[in-house]
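>>> Mind looking at a prediction? Sequence and model below.
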Amino acid sequence: MPEMPEVEAVCRRLREEAEGCLVSRARVLRAGMASGDVETACSGARLERVERRGKNIFLHFSGDVILHVHLRMTGNLYVVPDHRLLVSTVRAVFELSDGRGIVFEDPRALGRMALVETLPELGWEPLDPGFTVAVLAGLAKGSKREAKVFLMDQGKVAGLGNIYAAEALFRAGIDPRRAMGTLGKARLARLHGAIVMVMSGAVETVYEEWGRPGNFVEAERERLQVYGREGEGCRVCGRGVLRLAQGGRSTYFCGFCQR
Ligand SMILES: [Zn+2]
């Protein structure tokens, strides 16, 4: 599953390379992966804005057309220099008037695109300047949910997936099982700082390294403190990193450094 930084990297590239471009023709090459008449809606439309919310991509076209793209496991959305030259795993192509193309490539074909009227209600973006310690404290107030599960709730903080929720809690020194509402001011401030630091660092690394969605974790692996490191030494205290199941997902943490 691509994490938010990969999706943000995809969006940044698209903004740089294709925002403002005219789609002369949109073609869906694999029926069933698109809902709504994407070909008709997007042909002749200009890509005005690329927006990311959590792990969702929204392509805003002229004529109030909004295309929601979810990359799922192996999807990627990027610009190719010639829209006539496509690899077999391209599921949709937006031919640009300058001869280039925006392709939706997806080897496993699990990704989806859909025309939508409105954007979904999602939680705060961790890198939005409006996401402050006070906002996090407000969300946490009275919550009996475990910190890790709370952080992965896209309705609270959007885009903090399994990897980065664990990483942020480690950096903040907070036990992932701790009830969110019991965290004091100082610990919430530390958690907020850790979330912002972890996410901004990851976005930069992924964007710089690029790589394909689904592969970035390898480029990121050296930066990870606890995720995927069960039994390996904690980078701070040297004790073995532990793993437990929370909300159906694996949580990695240090039982000594995180209280
Ligand atoms: Zn430790």
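In hand now; what should we look at? Numbers count the residues shown, from 1 in each chain.
>>> can you give me the helices for the protein?
For the chain, the helices defined by DSSP state H cover 4-18, 38-42, 133-140, 147-152, 162-172, 185-209, 216-220.
>>> of all these, which lies closest to the ion?
Evaluated with CB to the ion, the helices of the chain place helix 162-172 nearest to the ion, the distance being 8.1 Å. Yep, even glycine has a C-beta here, placed from its N, CA and C like the rest.
>>> what residue ranges in the protein score low on pLDDT?
Per-residue confidence for the chain (pLDDT under 70) gives these ranges: 1, 210-219.
>>> residues near Arg259, how many?
Arg259 has 10 neighbours, counted by other CB atoms under 10 Å.
>>> Could you find the closest non-adjacent residue to it?
Nearest residue to Arg259 in three dimensions, chain neighbours excluded: Asp175, at 5.5 Å (CB to CB, 6 or more residues apart in numbering).
>>> related to what we said a few turns ago, quick one, which of the helices of the chain gets closest to Arg49.
Proximity to Arg49 (CB to CB) singles out helix 4-18 among those, at 8.2 Å.
>>> Quick check: phi and psi at Leu183.
Dihedral angles of Leu183 (phi, psi; degrees, to the nearest 10) stand at phi -80, psi 130.
>>> so who does it touch?
The neighbourhood of Leu183, defined by CB atoms under 8 Å, 6 or more residues apart in numbering, consists of 140, 147, 174, 191.
>>> Can you name the residues of the chain that neighbour the ion?
234, 236-237, 254, 256-257 (CB under 5 Å from the ion).
>>> neighbour-wise, which of these leads?
Of all the residues of the chain next to the ion, the highest neighbour tally under other CB under 10 Å goes to Cys254, namely 24 neighbours.
>>> contacting residues for the closest residue to that one other than its chain neighbours?
In this structure, Cys254 finds its nearest non-sequential neighbour in Cys234, 4.2 Å apart by CB to CB, 6+ apart. By CB under 8 Å, 6+ apart, the contact set of Cys234 is 225-226, 240-241, 254, 256-257.
>>> can you do 10 Å?
Residues near Cys234 by CB atoms under 10 Å, 6 or more residues apart in numbering: 170, 225-226, 240-242, 253-258.
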